[in-house]
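Student: need a structure here:
(one chain, ligands or ions: 2)
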Amino acid sequence: MRFLKLFVLLFVIQTQAQQGGMWVPSLLKGMNETEMKDLGMKMSIKEIYDVNNSSLKDAVPHFNGGCTSEVISPKGLILTNHHCGYSQIQSHSTVEKDYLTDGFWAYKMEDELVNENLYVTFIVKIEDVTAAVLEGTATLTNEAEKQAKIQENISTLSRTLPKESWQENKIRTFYEGNQYMLFITETFTDVRLVGAPPTSIGKFGSDTDNWVWPRHTGDFSLFRIYADKNNRPANYSKDNVPYTPKHFLPISLDGVAEDDFTLVFGYPGKTNEYLPSIAIEQIVNELNPAKIEIRDKALKVADGFMRKDNAIKIQYASKYAGIANYWKKWIGETQGLKKSNAIAIKKESEKVFQTKVVKAGKQKEYGSLLSDFEKNYTEIAPYAVARDYFQEVVLRNTELLSVAFKLYQLEQVYKANGEQSFTDRKNNLISSLSGFYKNFNSNLDQNVFEQLIDLYAKKSPKEFLPPSIVNVDATKLASEIYSTSKLKSYTDLKTLLTGDTKTVLANLNNDKAFQLVKELADIYSKEIAPKYDEINLRISALQRTYMKAQLELNKDSRIFPDANSTLRVTYGKVKGYEPKDATVYTPITYLDGVMEKYVPGDYEFDMPSKLIDLYNAKDYGVYAENGKIPVNFIGTNHTTGGNSGSPAIDAKGNLVGLNFDRVWEGTMSDIYYDPSICRNIMVDVRYILFIMDKYAGAQNLIDELKLVHPKKTKALKNKK
Ligand code: ARG
Ligand code: ASP
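Tutor: Ligands and ions are numbered 1, 2, ... in the order given. Model prediction:
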């Protein structure tokens with residue numbers, strides 16, 4: 001009976017699962033194309049990706065290596081998330097001109113703000129180069145040698161394959177090493193800030209609403225790409241001109257309704273959709289709980305300090321958001337994996353896999369894969385847990401220890417490369433740490449330390465604990481370290497690093513924070529990391545063979561490659577969902593919902609008064625739908641981190657939304673995509689236009705756009 005239920009579940013999921021997947025845009029022909037048309041797409045796949053003519057892909061650059069953006073005007077104007085442009089907006093802000101709080105709008109191109117170290121990358125062409133990358137590797141049986149040869153081939157090919165002088169060749173692996181693709185790219189480095197709403201719009205709901213539906217966030221910002229006179233990439237110059245794109249997205253004023261086709265085009269970072277069940281068990285039962293508990297404690301301490309002291313709140317706001325983002329995601333992911341029965345479903349499909357292997361007579365190649373996974377994952381477990389503890393406690397959450405670790409690395413540089421490298425690195429470190437100390441509060445950090453060292457001692461695998469923290473009195477150790485360490489202040493640190501190398505090293509080794517980190521890091525680098533890497537290399541090789549087997553044995557199902565920060569197409573429909581018994585979520589939110597959440601003066605749910613005025617006056621221009629302003633909507637598009645800022649495109653190629661998040665119940669989609677509850681969250685493009693036009697009065701920007709009415713039979717004239 002239980003089996004039957006599971007079988008039905010499996011069947012339902014497999015038929016619905018048609019809608020998951022992150023596809024390579026140059027390979028949509030065939031089953032994807034058919035499915036997209038069935039879902040309502042009215043374009044040809046050549047309109048999405050074409051090498052010889054302009055296509056949608058020419059409007060979708062990778063934003064600063066981690067987010068996605070899209071070109072929305074013939075003058076190189078691009079749209080991305082507020083949280084993707086956050087550090088640029090912050091870097092131009094001062095107490096007098098606080099663009100985070102008040103927003104920023106360039107009403108003339110001359111007012112656009114130049115950004116250091118910001119770049120966007122376009123894809124010119126995608127090509128399969130598997131054979132060339134794997135050349136000369138078939139006979140290599142040693143995994144490490146094989147990988148070294150592959151790396152060598154990749155670097156030779158990247159250098160020698162034809163491209164224009166201003167372009168780059170990048171080779172990336174797909175299907176865990178079963179396929180390699182070449183990307184010819186163009187990277188623009190003069191990208192200027194054009195517009196950003198105040199944080200109370202761009203980050204409305206902040207951490208409380210993060211990863212959650214219903215959502216009401218105007219998570220967008222605007223930039224512009226500049227090029228040289230030949231429209232090619234160039235570093236900043238006042239002579240640069242706005243970039244003329246090969247394609248830019250028209251913007252639909254007609255909005256979306258439930259069941260409308262949507263396509264999300266962007267650069268998903270990393271997924272793990274093909275893990276064996278034992279790996280997921282480890283994530284659910286060991287790794288996620290450990291990381292969640294650590295961050296839980298760190299966040300509680302920080303929150304306590306931030307609530308009492310406004311200066312600390314400002315110092316820690318961005319760090320807090322960064323730590324909270326994945327803390328919250330792991331909680332949702334763990335719950336979702338449990339609720340969706342991901343492990344049981346994987347186990348069932350592993351049984352099916354095993355039967356197929358036997359049927360195909362492939363026991364010799366694939367018969368022991370699952371038991372090998374079992375063996376290696378069991379073996380890696382303590383190393384994986386210990387690694388997470390070290391990384392989370394020392395490198396990520398206790399700031400004094402992460403500074404001490406940088407100094408530990410400095411000492412290692414001296415041991416490995418001698419005096420000159422040591423001095424160079426030391427000087428670099430001194431200058432790079434000045435920013436860190438502006439936002440460092442030693443009391444707060446001491447409290448975090450006390451909590452986390454206690455956890456480390458009690459919960460991380462005993463065999464990797466240095467004697468000094470077995471049975472540690474965390475309070476006592478915290479006060480010993482924080483009352484004496486020179487790493488607490490920038491001035492003391494600089495003094496500590498002054499003098500000849502011998503003195504500096506002796507001083508470092510006298511510091512109690514340094515001493516502790518040295519003990520922990522020595523164990524990490526000698527006993528944890530090497531063994532972890534060794535087993536992990538074996539697991540990667542198994543994963544590659546497992547993928548190969550699945551591709552071979554499931555010839556007529558479509559298997560998409562895990563995300564790897566390359567350009568992908570994902571598609572689906574606008575759709576609500578049922579998160580729990582007797583609860584139904586509809587797919588679109590409105591400005592009325594922002595008002596419902598409004599808490600005057602609150603740091604998460606405050607609203608700008610001008611927005612309230614517009615709401616009260618119902619001054620919505622052409623952007624309203626039945627007298628209401630839509631804010632966010634959700635769909636069945638399979639997205640992940642990196643898809644932030646991705647365009648949501650309608651059936652005909654027009655922009656309808658801006659991707660920025662996923663729903664709480666579906667955050668496990670990186671490991672197991674369940675189409676019944678996995679949803680991506682997008683800003684309705686009409687909310688963006690409404691804010692640009694009615695809130696900011698940026699008519700100059702609205703005038704650049706191509707506004708269209710794809711749903712109305714006769715194209716209406718652009719609003720004026
Ligand atoms: N959860 C989204 C993502 O992973 C949005 C993060 C930014 N928003 C925030 N409140 N921290 O990037
Ligand atoms: N918020 C994520 C991003 O920044 C998107 C996601 O994880 O769904 O890319």
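Student: around ligand 2, which positions in the stretch 1-150 of the chain sit nearby?
Tutor: Within the stretch 1-150 of the chain, not a single residue sits near ligand 2 (Cβ under 6 Å from any ligand atom). For glycine as for every other residue, the C-beta is placed from the backbone atoms N, C-alpha and C.
Student: which stretches in the stretch 1-150 of the chain count as helices?
Tutor: Per DSSP state H, counting those that start in this stretch, the stretch 1-150 of the chain carries helices over the ranges 2-16, 31-38, 45-48, 82-91, 99-102, 130-134, 143-160.
Student: alpha carbons of the third one, in CSV - could you do that?
Tutor: Taking only C-alpha atoms (Å, rounded to 0.1, in the frame of the first residue of the first chain), the coordinates of helix 45-48 have been written out as CSV:
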residue,chain,number,x,y,z
ILE,A,45,13.4,29.0,-30.6
LYS,A,46,15.6,31.0,-33.1
GLU,A,47,14.2,34.1,-31.6
ILE,A,48,15.6,32.9,-28.2
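Student: closest one to Asp511 among the helices of the stretch 1-150 of the chain?
Tutor: The closest approach between Asp511 and any of these, judged by Cβ to Cβ, belongs to helix 82-91 at 31.1 Å.
Student: helices or strands up against that closest one?
Tutor: helix 99-102, strand 190-196, helix 199-202, strand 221-227 (3 or more Cβ pairs under 8 Å, 6 or more residues apart in numbering; DSSP states H and E).
Student: if we go to 7 Å?
Tutor: Here helix 82-91 touches helix 99-102, strand 190-196, strand 221-227, going by 3 or more Cβ pairs under 7 Å, 6 or more residues apart in numbering; DSSP states H and E.
Student: most tightly surrounded among the helices of the stretch 1-150 of the chain?
Tutor: Among the helices of the stretch 1-150 of the chain, the stretch with the highest mean neighbour count (mean count of other Cβ atoms under 10 Å) is helix 82-91, at a mean of 21.
Student: and of the helices of the stretch 1-150 of the chain, who's closest to Pro630?
Tutor: Among the helices of the stretch 1-150 of the chain, helix 82-91 comes nearest to Pro630, with 17.8 Å by Cβ to Cβ.
Student: now do the contacts for the residue of the chain found nearest ligand 2.
Tutor: Nearest to ligand 2, among the residues of the chain, is Ser644, at 3.0 Å (Cβ to the nearest ligand atom). Applying Cβ atoms under 7 Å, 6 or more residues apart in numbering, one finds that Ser644 lies in contact with Cys67, Thr68, Asn81, His83, Cys84, Asn659, Phe660.
Student: can you redo those as TSV with pLDDT and distance to His92?
Tutor: Below are the contacts of Ser644 laid out as TSV (pLDDT from 0 to 100; distance: Cβ to Cβ, whole Å):
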residue	pLDDT	distance to His92
Cys67	98	18
Thr68	98	22
Asn81	98	17
His83	95	16
Cys84	96	15
Asn659	99	25
Phe660	98	22
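Student: with respect to ligand 1, which of those is nearest?
Tutor: The shortest gap between ligand 1 and any of the contacts of Ser644 belongs to His83, at 3.9 Å (Cβ to the nearest ligand atom).
Student: for the closest residue to that closest one other than its chain neighbours, grab the count of nearby residues.
Tutor: Spatial nearest neighbour of His83, chain neighbours left out: Asp219 (6.0 Å); criterion: Cβ to Cβ, 6 or more residues apart in numbering. Neighbours of Asp219 under the rule other Cβ atoms under 10 Å: 30.
Student: quick check: phi and psi on the residue of the stretch 201-350 of the chain found nearest ligand 1?
Tutor: At 3.8 Å from ligand 1, Asn210 is the closest residue in the stretch 201-350 of the chain, using Cβ to the nearest ligand atom. Here is the backbone geometry of Asn210 (degrees, to the nearest 10): phi -50, psi 140.
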